[in-house]
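# turn this into a structure:
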Amino acid sequence: MSTIVEEIEQLKREKDAVILAHYYVDDDVQAIADYIGDSYYLAKVAVKLKERTIVFAGVKFMGESAKILNPEKTVLMPDENADCPMAHMAQIARIEEVRREYDDVAVVCYINSTAELKMHSDVCVTSANAMKIVKALPNKHIFFIPDENLGRYIASKVPEKEFIFNDGYCHVHKAVTADVVRRAKEMHPEAEVLIHPECTLEVLALADYIGSTSGIIDYATKSDSKEFIISTELGVLYQLKQQNPDKTFYSAGAVQICPNMKRVTLEKIRNCLRDGSGEVEVSDKKREKSLIPLQRMLELAQ
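Numbering: from 1, shown residues only. Predicted structure coming up:
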């Protein structure tokens, strides 16, 4: 392991490269990353980097967004097949239909989406900033794509807006059911329940705290509690334990693993740096149109 880490460090120096990693990738990948965070944090970081090569340890839409925000940089994906099923769970024809039906609609696109969907949207959001951005929009009607669960959570907090929902979901968070969380609470009665808003409203009703991945980490770190039930992808446990070695974290009990995030390995990071493989390409037309909602997100979330 030490040898491959040394290879990666050497290649980073040679290629003027930086590694961005999402909280959901494996522990050893997070350990060698230069920046670790959720989608919003990594999007902000990407536009400020001085290095000419970005290695994105995550899934396809993340590397694509980094390339859209940094067209002059080389963006490499360690595994080109690491994709997010939810990122594809909206239809352009449906977006156009909703625009015809509602004159004042804003198409709010979760950053967990393809560049094609971003092209047809008005603003991007993440779970960390969606509420703030939706509240700031002048539009009465909000078509929230592609994740229905996050959309319904934001709608419950912004009753002054009228939402149109899309039939999309994260399979990891959908697997966390209310019964699963109730059993975890019975097993660990002293633990606080921390839940990601990609879970259903029925599950969120059982939470002590609802928030993005970074929000969950911040809450657990600041809380006086010593035990927590974590209802999101379990890659987050690495940072939770790093920052809170004196606290105990339990899985909610569902299958909370994203197989696509776990496709990223140290060997694949080494290989993409060495060979220049997995380079992300975005056409000028696609970049021009999808950049607008990403930039608007960064502006409104400040």
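# by mean pLDDT, flag the weakest helix or strand of this protein.
Sorting the helices and strands of the chain by mean pLDDT, DSSP states H and E puts helix 39-46 at the bottom, at a mean of 88.
# buried ones in it?
Under the neighbour-count criterion of 16 or more other CB atoms under 10 Å, helix 39-46 has 39-46 buried. C-betas here are computed from N, CA, C, even on glycine.
# so which elements touch it?
If contacts are counted by 3 or more CB pairs under 8 Å, 6 or more residues apart in numbering; DSSP states H and E, helix 39-46 sits against strand 17-22, strand 35-37, helix 60-69, helix 284-300.
# tell me what angle the third one forms with helix 284-300.
It stands for helix 60-69. Helix 60-69 runs at 90 degrees relative to helix 284-300, counting by axes from the mean of the first three to the mean of the last three CA atoms, to 10 degrees.
# which helices and strands does helix 60-69 pack with?
strand 17-22, helix 39-46, strand 53-57, strand 74-76, helix 115-119, helix 284-300.
# the helix or strand hosting residue 109 - contacts with which helices or strands?
Residue 109 belongs to strand 106-110 when assigned by DSSP states H and E. Contact analysis of strand 106-110 by 3+ CB pairs under 8 Å, 6+ apart lists helix 92-101, strand 123-125, helix 130-136, strand 141-145 as its packing neighbours.
# buried residues in stretch 286-294?
286-287, 289-294.
# looking at those, which one is closest to residue 213?
Checking the buried residues of stretch 286-294 against residue 213 by CB to CB gives residue 294 as the nearest, at 19.1 Å.
# give me the number of residues near the closest residue to the closest one other than its chain neighbours?
Leaving aside its sequence neighbours, residue 294 sits nearest to residue 124 (CB to CB, 6 or more residues apart in numbering; 5.2 Å). Residues near residue 124, counting by other CB atoms under 10 Å, number 30.
# ok, residue 124 - contacts?
Counting by CB atoms under 8 Å, 6 or more residues apart in numbering, residue 124 touches 108-111, 113, 118, 293-294, 296-297.
# 6 Å - rerun?
For residue 124, the contact set (CB atoms under 6 Å, 6 or more residues apart in numbering) comprises 109, 111, 293-294, 297.
# over to residue 40?
With contact taken as CB under 6 Å, 6+ apart, residue 40 is in contact with 126, 128-129.
# and residue 119, by the same measure?
Applying CB under 6 Å, 6+ apart to residue 119 gives the contacts 289-290.
# the least confident helix or strand of the chain vs strand 17-22, what angle?
Computed by the same axes, to 10 degrees, the angle separating helix 39-46 from strand 17-22 equals 170 degrees.
# the helices in the stretch 151-300 of the chain, which residues?
171-174, 178-187, 201-204, 213-222, 237-243, 266-275, 284-300 (DSSP state H, counting those that start in this stretch).
# CA-only coordinates of the longest one in CSV, if you can.
If I follow you right, that is helix 284-300. This file holds the C-alpha atoms of helix 284-300, laid out as CSV (Å, rounded to 0.1, in the frame of the first residue of the first chain):
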residue,chain,number,x,y,z
ASP,A,284,-18.4,23.5,-26.1
LYS,A,285,-22.1,23.7,-26.6
LYS,A,286,-22.8,21.4,-23.6
ARG,A,287,-20.4,23.3,-21.4
GLU,A,288,-21.8,26.7,-22.4
LYS,A,289,-25.4,25.8,-21.5
SER,A,290,-24.7,23.6,-18.4
LEU,A,291,-22.3,26.2,-16.9
ILE,A,292,-25.1,28.7,-16.4
PRO,A,293,-27.0,26.8,-13.7
LEU,A,294,-23.8,25.8,-12.0
GLN,A,295,-22.6,29.4,-11.8
ARG,A,296,-26.0,30.5,-10.6
MET,A,297,-25.7,28.0,-7.8
LEU,A,298,-22.4,29.3,-6.7
GLU,A,299,-23.7,32.9,-6.8
LEU,A,300,-26.9,32.2,-4.9
